[in-house]
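In: Sequence isn't available, so here's the structure alone:
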């Protein structure tokens with residue numbers, strides 16, 4: 001979720017009160033891990049999430065797998081309530097595009 005969330009940050013997650021809005025950062029339980037990703041779509045039977053620097057949405061999840069919304073972040077001993085969420089940036093998107101292309105050139109999976 002860089003640049004919004006950085007290595008070493010601690011996210012304060014609160015239970016959902018009402019339906020989340022696209023762009024909210026949500027904590028969800030995937031089969032392999034707990035993940036903080038940004039909400040793309042919330043529909044009756046499925047939720048679409050995506051990491052800020054991911055080229056595509058995650059596999060759809062059931063709404064019951066969403067555990068809460070990030071409301072604050074503790075970074076270096078400072079609690080950031082408002083303004084912590086900067087969202088995806090061009091630099092992050094460029095970084096991911098280069099990483100995927102390089103992986104494809106090296107035969108390590110790369111772009112989908």
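Out: Now that the structure is in, tell me what you want to look at. Predicted model only: the values in this text are computed from it and were never measured.
In: Where does the prediction get shaky in this structure?
Out: For the chain, the stretches flagged by pLDDT under 70 are 1-3, 88, 109-112.
In: From residue 53, how far out is the spatially most central residue of the chain?
Out: Closest residue to the average C-alpha location of the chain: residue 37 at 1.9 Å, with C-alpha atoms, centre = their mean. The gap separating residue 37 from residue 53 is 11 Å, by C-beta to C-beta, to the nearest Å. (Each C-beta comes from the backbone N, C-alpha and C, glycine too.)
In: just the helices in this protein please.
Out: Along the chain, the segments classed as helices by DSSP state H run 90-105.
In: the strands in it, which residues?
Out: 10-14, 25-29, 34-42, 47-50, 66-75, 78-80 (DSSP state E).
In: Excluding covalently adjacent residues, which one is nearest to the residue nearest to the centre of the chain?
Out: residue 49 (3.9 Å; C-beta to C-beta, 6 or more residues apart in numbering).
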